[in-house]
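In: This is the structure alone, sequence omitted:
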């Protein structure tokens, strides 16, 4: 009787054990409509074309040897999906409760900190772009702040204005010979 019961339950036990698995990402194809991975689950068990379900509005191309958590639908390895990919080597540590951060393996960080503070740290360059589609004049990047501080050089390509007055080379005639108050730009 027990032998028959074990024989009947064996496939069910195998399916239950295979529902959720941990493994390592070995390859990533980020060019598909849904990113697909090659993963190694059990030692030597390599699965191809595992769809990676990423959260809306967020995508990443994880570095080599990242860890993966998979779900095999109905316990069938032939229908396995990746539900999470993580890399403990590069993960930011020490965030306060409620904080959120984006990070890369090169050390770039966007950190939404407590106190309504957004911290951006790029190792070499930060680019903000508002594309000029068909020369639409209203396309712009706006920074609204009671105080903006810059340290280092500022390079402006194109027309710059301050209070509506062009900041291109112009002269201010002196109103008196002693070098006093200057007039309106000419």
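Out: Received, thanks. Just so you know, these numbers come straight off a predicted model, no measurement behind them.

In: Pretty sure residue 16 sits in a helix.
Out: Yes: using DSSP: H, G, I helix; E, B strand; the rest coil, the secondary structure at residue 16 is a helix.

In: now it, nearest residue through space, not along the chain?
Out: Here the nearest residue to residue 16 in space, its sequence neighbours aside, is residue 75; by CB to CB, 6 or more residues apart in numbering that works out to 6.4 Å. The way it works is simple: take the backbone N, C-alpha and C, and place the C-beta from them, glycine included.

In: Just confirm that neighbour contacts residue 20, I think it does.
Out: No: assessed by CB atoms under 8 Å, residue 75 is found out of contact with residue 20, at 9.8 Å.

In: Phi, psi for the residue nearest to residue 29 when sequence neighbours are not counted please.
Out: Nearest residue to residue 29, sequence neighbours excluded (CB to CB, 6+ apart): residue 36, at 4.8 Å. With angles defined as degrees, to the nearest 10, residue 36 sits at phi -120, psi 150.

In: Kindly report the same for residue 60.
Out: Recorded main-chain torsions at residue 60 are phi -150, psi 150, according to degrees, to the nearest 10.

In: measure stretch 44-61 end to end?
Out: One end of stretch 44-61 to the other measures 23 Å (CA to CA, to the nearest Å).

In: do stretch 71-88 as well
Out: 20 Å.

In: now it, how far from the centre of its chain.
Out: Between the centre of stretch 71-88 and the centre of its host chain there is 22 Å, according to CA atoms, centre = their mean, to the nearest Å.
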